[in-house]
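Visitor: Pasted the sequence and its predicted model underneath.
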Amino acid sequence: MRELLLLRHAKSSWDDATLDDADRPLAARGRKAAPVMARAIARRGWIPDLALVSPALRTRQTWALVAAGLPRSVETRFESDIYEADPQAILAAIRTVPPATGRLLVVGHNPGLERLAENLAGPGSDADALARLRTKFPTGALARFEVTRHWSGLAPGTTRLAAFLKPKDEE
């Protein structure tokens, strides 16, 4: 059994309108939420073997704060293909992950991350988690999927959504 964790970057700042989108940093709320999610991940033992992270500043900062709160270091790859990507591009990046990777974390952006999460959830998914995910996938939220196939064979409807966590529920 493999696990896939999809983490939307924490709340970003819009204070400086002159910044390019990729250069927007985390807002104070985001800097508070990311460690909350790190504690939630660590408490549940969902420590990833590999993290694929969008190279945008807000995703890198989110991952740095999450990684700092985990009990061990995690191999990290910055993937330009998942920056503001559609679900198919994110899925293509996931399919390149080595089969030996047991638990994968992807730190990305909406709407692509949310749509991918909705598409992946197949039979047996937790009904409450799926309803909450479909209502809103807010900044800092995490979807956890159980995966029974190799990463290269991941496809829509082939995973089980097991949990959906929001920072405000974990504080």
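Guide: Nice, I can see it.

Visitor: Which stretches in this protein count as helices?
Guide: Ranges of helices in the chain, per DSSP state H, are 28-44, 57-68, 87-94, 112-120, 127-135, 167-170.

Visitor: what about stretch 108-125, distance to the chain center?
Guide: Its chain's C-alpha centre and that of stretch 108-125 lie 10 Å apart, by C-alpha atoms, centre = their mean, to the nearest Å.

Visitor: For that stretch, buried residues please.
Guide: Residues of stretch 108-125 classed as buried: 108-110, 112-114, 116-122, 125 (neighbour count, 16 or more other C-beta atoms under 10 Å). For glycine as for every other residue, the C-beta is placed from the backbone atoms N, C-alpha and C.

Visitor: Stretch 64-76 too?
Guide: 65, 66, 67, 70, 76.

Visitor: Pick out whichever of those sits closest to residue 51.
Guide: residue 76 (4.7 Å; C-beta to C-beta).

Visitor: burial count for residue 149?
Guide: 12 (other C-beta atoms under 10 Å).

Visitor: For it, which non-adjacent residue is closest in space?
Guide: residue 158 (6.2 Å; C-beta to C-beta, 6 or more residues apart in numbering).

Visitor: Isn't that neighbour up against residue 120?
Guide: Yes - the criterion here is C-beta atoms under 8 Å, and residue 158 meets it with residue 120 at 7.0 Å.

Visitor: Report the contact partners of residue 121.
Guide: 130, 133, 145, 157, 159, 160, 161 (C-beta atoms under 8 Å, 6 or more residues apart in numbering).

Visitor: do that again at 7 Å, thanks
Guide: When contacts are counted by C-beta atoms under 7 Å, 6 or more residues apart in numbering, residue 121 touches 130, 159, 161.
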